[in-house]
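[1] Here is a sequence with its predicted model. Questions after.
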Amino acid sequence: MECCLIMQAVCAVYENSNSSARYFAFTTGTTESAAKKIKKAAGGKLYQIQAETPYTDADLDYSNDNCRANREQRDESIWPKIKGKVKNIQKYDLIFIGYPIWHGKEPMIIRTFLESYNLKGKEIVPFCTGGGSGISGSISGIKAAAKDAKVVKGKDLTDSSNKSVQKWVQKKVK
C-alpha cells in the first residue's frame, strides 16, 4: 500500500508556465496551497478533483442567488459530475480530501467524488480552506458520502504554516 492520496477540489483552471502539467485551484489558490503543504509533509500522490463542466466566474458569483455554486449548495440533490477517475484508488489506505467551504459546508462535488468509489477500509482526512466557517459544518456530509470509510478529525488549513501542517500530517501518517 502507498502512503496516501491527497485530493483537492477544483474550480478555476490555469496552466503552469514551466511545464504542461495543469494545476487547479479556487480563485485564490488557498486550497491548492494547503494540498501542496500536505504533499510535502506526507509524500503520496496529489490529485485534483475536476468538474466535468468547469466552473466559470459567473458560476461562482455568490452575490447572485441563482449562480451555479449557490444552486448546488441549496439543493443537495444536485451533485456535479466529475471529470476523470483516480486510477488504483484501492492501493491507498489514507486519503486527505480538501475543499473550500461554501455556505458553511463542503462543495457538493466532494460528495460526488466520495460516492464514486468503494472506500471501504480507507481512512479519510478532510481539510478545508475558507473565510471563517471552519470545517465542522462539512463533516456530516463527508461522513454520509464516505459511508464505508473511517472519516477522522479534519482541519481548517486556511492560514496554516508549513510547520503546523507538517506536525498535523505526521499525526495522521503513522
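    Received it, and whenever you're ready, just let me know what you need. Numbers count the residues shown, from 1 in each chain.
[2] Across the sheet, point out what pairs with the residue positioned nearest the centre of the chain.
    In the chain, the centroid-proximal residue (Cα atoms, centre = their mean) is Gly98; its distance is 2.7 Å. In this entry, Gly98 is beta-bridged to Gln8, Phe127, by DSSP bridges.
[3] Hmm, it is touching Ala34, no?
    Yes. If you go by Cβ atoms under 8 Å, Gly98 and Ala34 touch, sitting 5.7 Å apart. (Each C-beta comes from the backbone N, C-alpha and C, glycine too.)
[4] which SS class is the closest residue in space to Lys172 that isn't next to it in sequence?
    Counting by Cβ to Cβ, 6 or more residues apart in numbering, Val125 is the residue found nearest to Lys172 once chain neighbours are left out, at 5.3 Å. Per DSSP: H, G, I helix; E, B strand; the rest coil, the local secondary structure of Val125 is strand.
[5] count of neighbours near Val125?
    Look at Val125: counted by other Cβ atoms under 10 Å, it has 26 neighbours.
[6] Tell me how far it lies from Pro54.
    The gap separating Val125 from Pro54 is 26 Å, by Cβ to Cβ, to the nearest Å.
[7] and if you look at Lys91?
    Counting by Cβ to Cβ, the gap from Lys91 to Pro54 is 28 Å.
[8] still on that earlier bit, name the residues contacting each of Gly98 and Ala34.
    127, 129, 157 (Cβ atoms under 8 Å, 6 or more residues apart in numbering).
[9] elements contacting the longest helix along the chain?
    Determined from DSSP state H, the single longest helix within the chain is helix 30-42. For helix 30-42, the packing partners by 3 or more Cβ pairs under 8 Å, 6 or more residues apart in numbering; DSSP states H and E come out as strand 5-9, strand 22-25, strand 45-51, strand 94-100, strand 123-129, helix 162-172.
[10] could you give the angle of that helix to strand 94-100?
    Taking axes from the mean of the first three to the mean of the last three Cα atoms, to 10 degrees, helix 30-42 and strand 94-100 form an angle of 160 degrees between their directions.
[11] So that it lines up with my notes, have the first residue be 271 from now on.
    Shifting the count to begin at 271 puts that one at helix 300-312.
[12] Quick one: mean pLDDT for helix 300-312?
    Mean pLDDT, helix 300-312: 86.
[13] Take it, keep the C-alpha atoms, and write them as CSV.
    These are the backbone C-alpha positions of helix 300-312, laid out as CSV (Å, rounded to 0.1, in the frame of the first residue of the first chain):
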residue,chain,number,x,y,z
THR,A,300,-5.7,28.6,-0.9
THR,A,301,-6.9,25.0,-1.2
GLU,A,302,-4.1,24.2,-3.7
SER,A,303,-1.5,25.7,-1.3
ALA,A,304,-2.8,23.6,1.6
ALA,A,305,-2.8,20.4,-0.6
LYS,A,306,0.8,21.1,-1.6
LYS,A,307,1.8,21.5,2.0
ILE,A,308,0.3,18.1,2.8
LYS,A,309,2.1,16.5,-0.1
LYS,A,310,5.4,18.0,1.1
ALA,A,311,4.8,16.6,4.6
ALA,A,312,3.4,13.2,3.7
